[in-house]
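Undergrad: next input, structure requested:
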Amino acid sequence: MSGSSSYFPLRERKTEAKKRKGLSPQLTKAFRLEDRRECDAAVARLFYTSGLSFNVARNPHHRESYTLASKILGYVPLGYNALRTTLLDNERRHIERILELIKKTWKETGVSLCSDGWIDDQKRPLINMMAAAKQGAMMLKAINCDGVYKDKNEISRLLLESINEIGPDNVVQVVTTLHGTSLHDTFLESNVL
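TA: Predicted coordinates:
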């Protein structure tokens, strides 16, 4: 399977062959057209055999990774374990640093706590808690409410948890589709409003 000619050989379309008729062997060799076709076929095969969305090709990190890898002679692509352990941990720390910079601005600009309920592919009822501010929005958490009766007290409890996580002084409004009018009294009782 490592040889590209034996695994899903790609045939040129007639129009492509016609377009390239005029190229001299010297230009073909100079631009390494055969190597480029082989590399393109291998990358395309990665997408097809892994079920990757074609939108991944539009991701700027996709192009950047190939550009950087091409500058390192003998670079070997990442392995399974590096992707799921060390590099995943590093990326999480990187994202947490970025989110921390956004959180530091909340005192100045304020935050809208946004909440919405939905059902995932496994038919579990989930409630999203998101913080939206001038510098950007971030997902705080998705709460699995399977087996939980979602009355105004439970919804209020979940919202109050998120308000305390953000900091009560930082929250300027709560936007929710979850029992909206009945939450007001519960918040008053909790001395939030």
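Undergrad: where does pLDDT dip in the chain?
TA: 1-23, 25-32, 178-193 (pLDDT under 70).
Undergrad: partner strands of whichever helix or strand residue 112 is part of, with direction?
TA: Assigned by DSSP states H and E, residue 112 belongs to strand 111-119. When pairing is defined by DSSP bridges, strand 111-119 lines up against strand 125-133 (antiparallel), strand 171-176 (parallel).
Undergrad: residue 85 is nearest to which of the ones you listed?
TA: Of all the strands paired with strand 111-119, it is strand 125-133 that lies closest to residue 85, at 27.3 Å by Cβ to Cβ. To be clear about C-beta, it is placed using only N, CA and C from the backbone, and glycine gets the same treatment.
Undergrad: heading C-terminal from the closest one, find the next helix or strand.
TA: Following strand 125-133 in sequence, per DSSP H and E, is strand 136-144.
Undergrad: in that following strand, what counts as buried?
TA: Neighbour-count burial for strand 136-144, counted by 16 or more other Cβ atoms under 10 Å, picks out 140, 143.
Undergrad: hmm, who's touching it?
TA: For strand 136-144, contacts defined as Cβ atoms under 8 Å, 6 or more residues apart in numbering pick out 99, 102, 114, 124-131, 158, 162, 165-166.
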